[in-house]
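In: Kindly generate the corresponding structure for this input.
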Amino acid sequence: MALKFFSGDTIFSRPFRSTWELLSETTSFINMREDADQYQDTLRKWRRRLQEGSRDPEIQRQVREEIVAVRKSFRQSGYDVSLGSLDIQCDGFRNETSLNEGYKRIVILIADQEVFYEVGEGNHLDLWEALERKTRKLTLRGNREYHHLWYLWKERILILSGADSEPKEAFDRFCKIVETKKLFLLSALKKLR
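Out: Reported below is the predicted structural model:
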């Protein structure tokens with residue numbers, strides 16, 4: 001007789017579920033990469049093998065080992081694979097009333113290879129000035145692009161909204177950066193609270 005967990009799953013379902021969760025997080029991470037297309041066949045094969053071998057602990061172990069090996073290679077290349085469990089989204093414009101909903105002010109500076117930010121109680125102009133003072137002496141390649149935003153974590157999703165002092169065109173440009181460089185931004189902003 002198979003041992004049961006409170007959820008009614010067999011004892012072999014727990015490793016399957018954790019492998020499936022690891023695959024989901026890895027898939028999310030890969031899908032945020034610019035080279036995501038080259039991994040899609042492998043991801044499909046892993047999903048199919050897990051589905052077909054849902055009751056076979058050996059298949060689950062093999063797939064898990066393969067996923068772990070890919071994650072390890074990403075980490076050795078300097079990537080934070082745990083970012084696959086996070087997301088970042090743009091959500092319109094907000095004003096001062098956002099404070100009542102838990103949003104906080106942030107000014108972000110995006111350079112070619114780095115992201116800096118300033119958060120605090122002051123208005124967005126005060127935050128911009130503080131960030132400008134801190135980064136003025138840094139040698140940053142390419143353009144410096146500032147964005148005045150509101151942010152809030154909703155579970156594992158970082159919501160970013162434009163502030164009244166952010167022109168619509170600038171916020172639209174920022175949202176395109178979010179879509180194309182999620183890992184870059186999440187890596188810099190993951191510690192925001």
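In: May I ask you to name the longest strand in the protein?
Out: strand 145-154 (DSSP state E).
In: what comes into contact with it?
Out: 94, 98, 101-111, 119, 124, 127-128, 131, 158-163, 165-166, 170-171, 173-174, 177, 189, 192-193 (C-beta atoms under 8 Å, 6 or more residues apart in numbering). Where you see a C-beta, it was placed from the backbone N, CA and C, and this is true even at glycine.
In: Mind doing that once more with 7 Å?
Out: 94, 98, 102-110, 124, 128, 158-163, 165-166, 170, 174, 192 (C-beta atoms under 7 Å, 6 or more residues apart in numbering).
In: Just the buried ones from those?
Out: Burial by neighbour count, judged by 16 or more other C-beta atoms under 10 Å, picks out 94, 98, 103-110, 124, 128, 158-163, 166, 174 from the contacts of strand 145-154.
In: circling back to that earlier point, the longest strand of the chain: which residues count as buried?
Out: 146, 147, 148, 149, 150, 151, 152.
In: and the helix or strand following that strand, what does it pack onto?
Out: Beyond strand 145-154 in the direction of the C-terminus, DSSP states H and E gives the next helix or strand as strand 157-162. On a contact count with 3 or more C-beta pairs under 7 Å, 6 or more residues apart in numbering; DSSP states H and E, strand 157-162 meets strand 87-93, strand 145-154.
In: got these as a markdown table, with distance to residue 43 and mean pLDDT columns?
Out: Below are those laid out as a markdown table (distance: least, C-beta to C-beta, whole Å; pLDDT from 0 to 100):
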| stretch | distance to residue 43 | mean pLDDT |
| --- | --- | --- |
| strand 87-93 | 18 | 94 |
| strand 145-154 | 26 | 95 |
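In: Could you dump those strands into CSV and include distance to residue 46?
Out: Converted to CSV, the helices and strands packed on strand 157-162 look like this (distance: least, C-beta to C-beta, whole Å):
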stretch, distance to residue 46
strand 87-93, 21
strand 145-154, 29
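In: Residues contacting stretch 86-100, please?
Out: 103, 150, 156-164, 175, 178, 182, 185-186, 190.
In: residue ranges of the helices in this structure, please?
Out: Taking DSSP state H as the criterion, the chain contains helices spanning 13-31, 40-52, 57-76, 124-135, 168-180, 182-189.
In: Of the ones you listed, which is nearest residue 115?
Out: helix 182-189 (3.6 Å; C-beta to C-beta).
In: For that closest one, name the packing helices and strands.
Out: Against helix 182-189 (3+ C-beta pairs under 7 Å, 6+ apart) you get strand 87-93, strand 115-120.
In: just those: most buried one?
Out: Among these, strand 115-120 has the highest mean neighbour count (mean count of other C-beta atoms under 10 Å), at a mean of 18.
In: Sounds good, over and out.
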